[in-house]
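Colleague: what's the 3D shape of this:
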Amino acid sequence: MNREFFICFIASVTIAGVIIRPYKIQEAVWAVAGALLLLVFGLISLKDAWTGIGKGLDVYLFLIGMMTLAETARREGLFDWLAGYAIRFSRGSSFRLFVLIYLVGLIVTAFMSNDATAVVLTPAVAVAVSRAKVKNALPYLLICAFIANAASFILPISNPANLVIYGKEMPSLGVWFGTYLLPSLFSVGITFLMLFVTQKKLLQETIDYDIEVEPLLPGGKMALAGIILTTLLLLSASAMNRDLGLPTAVAGVSTTILVLIAGRRNPVEFARHISWSVMPLVAGLFVLAEAVQQAGIIDSLSQKLAEEALHATETASWLAGLAVAFGSNLINNLPAGLIAGSAVSAIHLPEAVRSTILVGIDLGPNLSITGSLATILWLKELRKNGYDMNGWAFLKLGTVVMIPALIGALLALRL
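Modeller: Purely as a prediction, here's the structure:
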């Protein structure tokens with residue numbers, strides 16, 4: 001058996017461990033263990049492993065900024081305040097609350113990225129359903145996971161993977177909308193329809209909306225200002241084709257420091273409530289992706305795709321879109337995006353093929369909980385707030401929701 005087989009085997013077992021979590025062992029442990037096995041058996045060199053970890057630098061900075069910002073907002077009561085107004089606006093209708101959360105998720109994803117939706121919106125929704133005394137909270141929380149990926153190609157900044165796919169060749173907003181606006185509408189619309197149909201039975205209850213909304217305290221106002229500032233920085237960085245990690249980290253950490261100083265909070269106590277384990281998890285996934293790339297597996301597939309594109313662009317487009325959509329669930333869409341982006345640049349695929357790859361990378365991860373970093377972050381926030389969902393249950397739901405949305409979005413690209 002050759003090197004490629006062992007790399008694929010270790011990667012598959014690692015991802016299975018992350019999804020299933022046998023004996024409730026944390027996802028990060030499986031990802032790090034998989035990376036260490038590759039090193040121990042000489043399937044990847046220490047230099048290449050470090051290169052893989054280094055490719056995630058922008059992601060780590062982005063996560064630091066978003067996680068600190070979200071924890072600050074939670075502790076200062078911003079989520080409670082927003083949840084109170086969302087519940088009042090629902091007027092006791094579970095369907096109205098469902099639609100409202102979906103629309104808010106769409107806006108947050110479009111302007112702050114899909115990872116922000118997972119980190120910022122999920123705890124806010126958890127607070128809302130708790131205060132509304134909702135018996136079946138999962139349908140509302142599932143929105144945060146699915147809209148994070150479904151709406152992630154509305155704007156270039158809606159998903160860090162978009163910047164990876166295009167690199168220095170990012171199209172103007174006019175060209176972007178011309179290519180992705182209609183597919184985004186199909187993606188968002190079909191995802192909403194399938195998610196609502198699958199959760200309809202749990203949305204029959206009348207919710208409690210006559211609640212008192214406490215005034216937002218100074219710390220909460222500072223957190224809200226920090227979120228607005230971060231959004232503006234992300235839009236500016238995207239317009240200038242800059243990395244998003246550093247401005248997000250600066251904005252998030254600066255906001256947190258100001259709030260901690262103003263409120264005389266204990267920074268150590270604050271830091272204890274942040275899910276730092278996501279960092280080694282992401283690093284482990286990047287090492288796995290680097291091993292797959294170094295083994296030449298991706299180069300072989302890319303070459304076959306390039307040959308297909310020369311003879312039948314339409315067929316190659318569909319093959320590329322479907323392959324990365326399902327493949328991103330094996331190694332996570334961000335490392336997959338790095339690999340796909342490198343392949344696209346190296347072999348100069350037609351624009352039609354690149355656009356289907358981007359849709360597949362962004363939307364495909366709605367199939368499983370390991371498909372995107374956003375979904376992994378969502379799951380961590382879910383458990384942090386006292387809820388849970390196993391990988392098999394998500395996979396069954398993801399199959400019903402993602403596949404129709406993916407086909408619809410890919411068809412819309414051809415219109």
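
Colleague: From Pro267, how far out is the spatially most central residue of the chain?
Modeller: The centre of the chain sits closest to Ala374, judged by C-alpha atoms, centre = their mean, with a distance of 2.3 Å. Computed as C-beta to C-beta, to the nearest Å, the Ala374 to Pro267 distance reads 27 Å. (C-beta placed from N, C-alpha, C; glycine too.)

Colleague: Now do stretch 157-169, average pLDDT.
Modeller: Taken as a whole, stretch 157-169 carries a mean pLDDT of 77.

Colleague: Any idea how far apart the tips of that stretch sit?
Modeller: End-to-end distance of stretch 157-169 (C-alpha to C-alpha, to the nearest Å): 14 Å.

Colleague: And that stretch, what's buried?
Modeller: 157-166 (16 or more other C-beta atoms under 10 Å).

Colleague: Shouldn't Tyr209 be within a helix?
Modeller: No - under DSSP: H, G, I helix; E, B strand; the rest coil, Tyr209 falls outside any helix and is assigned coil.

Colleague: give me the number of residues near it?
Modeller: Neighbourhood size, Tyr209 [other C-beta atoms under 10 Å]: 19.

Colleague: Same check on the one 10 residues further on?
Modeller: The local packing count at Gly219 equals 20, with neighbours defined by other C-beta under 10 Å.

Colleague: Now for it: which residues touch it?
Modeller: When contacts are counted by C-beta atoms under 8 Å, 6 or more residues apart in numbering, Gly219 touches 72, 75-77, 259, 262-263.

Colleague: where does it land on pLDDT?
Modeller: Confidence score, pLDDT, at Gly219: 90.

Colleague: where are the low-confidence patches of the stretch 101-250 of the chain?
Modeller: 167-168 (pLDDT under 70).

Colleague: Helices along that one, start to end?
Modeller: 114-116, 122-131, 138-150, 160-166, 173-199, 218-239, 245-263 (DSSP state H, counting those that start in this stretch).

Colleague: could you dump these to TSV with distance to Val287?
Modeller: Compiled in TSV, those are given as follows (distance: least, C-beta to C-beta, whole Å):
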stretch	distance to Val287
helix 114-116	20
helix 122-131	27
helix 138-150	23
helix 160-166	17
helix 173-199	31
helix 218-239	27
helix 245-263	19
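
Colleague: Buried deepest among these, which one?
Modeller: Ranked by mean neighbour count, these are led by helix 114-116 with a mean of 30 (mean count of other C-beta atoms under 10 Å).

Colleague: how about the buried residues of stretch 157-169 in a markdown table, adding distance to Gly327?
Modeller: Converted to a markdown table, the buried residues of stretch 157-169 look like this (distance: C-beta to C-beta, whole Å):
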| residue | distance to Gly327 |
| --- | --- |
| Ile157 | 24 |
| Ser158 | 21 |
| Asn159 | 16 |
| Pro160 | 18 |
| Ala161 | 13 |
| Asn162 | 17 |
| Leu163 | 20 |
| Val164 | 15 |
| Ile165 | 14 |
| Tyr166 | 19 |
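
Colleague: my guess is the residue nearest to the centre of the chain contacts Val108, does it?
Modeller: No - using C-beta atoms under 8 Å, Ala374 is not in contact with Val108; the gap is 11.1 Å.

Colleague: what touches both of those two?
Modeller: With C-beta under 8 Å, 6+ apart as the test, Ala374 and Val108 both reach Thr117.

Colleague: Doesn't Val268 lie inside a helix?
Modeller: Yes - under three-state DSSP, Val268 sits within a helix.

Colleague: give me the number of residues near it?
Modeller: If we define neighbours as other C-beta under 10 Å, then Val268 has 7 of them.

Colleague: distance of it from Leu260?
Modeller: 10 Å.

Colleague: CA atoms only for stretch 102-110, dumped as CSV, please.
Modeller: In CSV, the C-alpha atoms belonging to stretch 102-110 read as follows (Å, rounded to 0.1, in the frame of the first residue of the first chain):
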residue,chain,number,x,y,z
TYR,A,102,-33.1,33.6,9.2
LEU,A,103,-33.1,37.2,7.9
VAL,A,104,-30.7,38.4,10.6
GLY,A,105,-28.4,35.4,9.9
LEU,A,106,-28.4,36.4,6.2
ILE,A,107,-27.4,39.9,7.0
VAL,A,108,-24.7,38.9,9.5
THR,A,109,-23.2,36.4,7.1
ALA,A,110,-23.2,38.8,4.1
